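> Sequence unavailable; structure follows:
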C-alpha cells in the first residue's frame, strides 16, 4: 500500500460544521493518502443443459483501485474520505456499477467523521451493513461458486429489487449489495457488541426505494454472531417500470473457531418473493422465501484452507426450490497473494432456471456445474 503526503485543507474546513469548539485554533495538517487495490482474475468453466463454456471472469474478490485519505483533528476526531472504483481485470471495463454505467467510483465514495469513543458517521455510496455481513459469515468467500453467493443472487443483475414476473429476483441481502445517497453510523465496540445503521434516500426517485439497513454483531472469544435487518420502501414506478410494495428481509449468521474445524451457519428470510405491483394493486407474489446455509473452513496447513458450503433455497414459487454445493481450496502465498481453486453444483426443481453467476441459463430443472481457478493480489 502506497502512502503520499498531500495537503487537504478543504477537508479541515468542512469539519467546521460539526462544531466550532472542535476546530478552533486547530491548524491545517497534511493528510495521509493511501493508494491501494485488488487485482483479481480467474478462469471458469460451466456446464448445464448439454452446453458448456469457459471464460475469464472475477474470482474471489472484485478488482479495484482505491484512495483513502485521513486527517487527525482535535479531541480524538478524524475526518476520512474513500474513493474506490471497481474494474474487470479480464477486460479493463468498469464493474460494481449497480446498473449505472457512468458511475466512476462504483464500489465506494464517502466522507466520514469518526471518533474512537463515539463511533463514526459516513455519507455517500457505501458498502454498508449488508455488504459487511458476508465477509464475516461466508466461509468460502468465492461468491461465484459458494452457496452464499449463488442462492442469494439467483443470477439476477440487481438481486432483490423484484422481477415483475412473480418469480424471485434474489435477495437484497447478498454479497454484492451497495447503496448510494446513504448516511450510516458505526458504533464503537462495547463488550463485544457493535452496531451499524444505514439509511439510503430515494432522492425523489419513483423507481429507486429508500432503504434501511441495521446490523448488530457480537463477538466473544471464538464465537461470532451477527443479526441483519433490511427494509426497502415502496415506489410509485415510472413508464414501463412497475410500482413496488415495501419488502423486508432479515438474516442471522454465526461462526465458531474450534481451531482445526470452523463451522458457519446463516439463515436469510424475505417476506415477499416479488414486491412489484400487478394490475390488481397487490404485490405479484406475496409468499415468503428463505435461504439456509451451512459451511466450514478446515485449515490444512499454515497457509492452506479447505472451504465448504451447502445451501438450500426455499422459493415462494412452486417448483423453484434449489440446492447449492461449494468446495474450495485457498492458498496464501503471502499475506497479499491468494491462489484458489473451487467447484460448485446447483440442483433445482422442475420449474426453476437459476444459473450460477456467469453460467448459461439452464433449461427448467437442469443442474449447473462449475469449476474455477484464479488468483487475488492485494496491493
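The structure has been received and is ready for your questions. The model shown is predicted, which means the values in this text are computed figures rather than measured ones.
> Report the buried residues of the one helix or strand residue 307 maps to.
For residue 307, the host element (DSSP states H and E) is strand 304-314. Residues of strand 304-314 classed as buried: 305, 307-311, 313 (neighbour count, 16 or more other C-beta atoms under 10 Å). The C-beta positions use only the backbone N, C-alpha and C, and glycine is treated the same way.
> Which of the residues you listed sits closest to residue 207?
Distance to residue 207, by C-beta to C-beta, is smallest for residue 313 among the buried residues of strand 304-314, at 26.7 Å.
> which residues does residue 106 contact?
Neighbour list for residue 106: 84-86, 94-98, 100 [criterion: C-beta atoms under 8 Å, 6 or more residues apart in numbering].
> which among those residues gets closest to residue 276?
Nearest to residue 276 among the contacts of residue 106 is residue 98, at 18.4 Å by C-beta to C-beta.
> Report the secondary structure state of that closest one.
Secondary structure for residue 98, judged by DSSP: H, G, I helix; E, B strand; the rest coil, is coil.
> Mind giving me the packing neighbours of the top helix by length along the chain?
Longest helix in the chain by number of residues (criterion: DSSP state H): helix 129-137. Helices and strands touching helix 129-137, by 3 or more C-beta pairs under 8 Å, 6 or more residues apart in numbering; DSSP states H and E, are strand 193-200, strand 211-220, strand 223-232, strand 247-256.
> pLDDT of it, averaged?
Averaging pLDDT along helix 129-137 yields 96.
> Residue 177 and residue 239: what is the separation?
Distance of residue 177 to residue 239, given as C-beta to C-beta, to the nearest Å: 25 Å.
> Is it possible to get the helices and strands packed on helix 129-137 out as a markdown table so that each row also shows mean pLDDT?
Below are those laid out as a markdown table (pLDDT from 0 to 100):
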| stretch | mean pLDDT |
| --- | --- |
| strand 193-200 | 99 |
| strand 211-220 | 99 |
| strand 223-232 | 99 |
| strand 247-256 | 99 |
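> okay if I get these as CSV plus mean neighbour count and distance to residue 160?
As requested, the helices and strands packed on helix 129-137 are exported to CSV (neighbours: other C-beta atoms under 10 Å; distance: least, C-beta to C-beta, whole Å):
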stretch, mean neighbour count, distance to residue 160
strand 193-200, 19, 13
strand 211-220, 19, 10
strand 223-232, 20, 8
strand 247-256, 20, 7
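> What's the biggest strand in the protein, counting residues?
What stands out as the longest strand in the chain, according to DSSP state E, is strand 30-48.
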